[in-house]
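Q: Sequence first, then the predicted structure:
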Amino acid sequence: MVTVAYSELSAAYEFSAAGGGEESSAYLALDTGTFHYVSSYIDTEEELPDDLETSDRYLLVPGKSELGLGKRLALRFVEEQAPALLSQTQEIFRHKGAYARYKGLLESRGALERWYESEAEATKSALLQWCSEHEVEVTGA
């Protein structure tokens, strides 16, 4: 079983999430516990293993969608914390640029900080669950 620090796992997740999972990816090496970063936006200057994307020695760090932290989480938050905003939130997510408008709506209702706290808790929980499923031990969580 490989061991990783939660801070490193979180950074790898954020790196992947920043690129939407398509332009930036992070991989966990199961033999060393190190993370490898791939991005079409920036040159990471890191020597990447040749078999990074094909070997079962590496795990692709999941993105928001794979962890259920995208639209579903936002809608669940509104259902629980501000049900009066549910139909408006559903409409927001029918169009491009939804997260900016969603956050604007929450900010106008004084709920943006609660959203950030809820999102951080859900992210941590989902990452720890993912690690458990892949037999990755996490320290500092």
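A: That came through, no problem. It should be emphasised that the depicted structure is a prediction, and the values quoted were computed from it without experimental measurement.

Q: how many other residues sit next to the nearest residue to S24 once chain neighbours are set aside?
A: Nearest residue to S24 in three dimensions, chain neighbours excluded: S39, at 4.2 Å (CB to CB, 6 or more residues apart in numbering). Any C-beta I mention is one placed from the backbone N, CA and C, and that applies to glycine too. If you count neighbours by other CB atoms under 10 Å, S39 ends up with 15.

Q: got it, and A141?
A: So A141, with other CB under 10 Å, has 15 neighbours.

Q: So it is in contact with E8, correct?
A: No: contact criterion CB atoms under 8 Å: A141 and E8 do not qualify, at 11.3 Å.

Q: Just the buried positions in stretch 91-101, please.
A: Neighbour-count burial for stretch 91-101, counted by 16 or more other CB atoms under 10 Å, picks out 92, 98, 101.

Q: Determine the three-state secondary structure at S25.
A: When classified by DSSP: H, G, I helix; E, B strand; the rest coil, S25 comes out as strand.

Q: List the contacts of it.
A: Applying CB atoms under 8 Å, 6 or more residues apart in numbering to S25 gives the contacts 16, 19, 37-39, 60-61.
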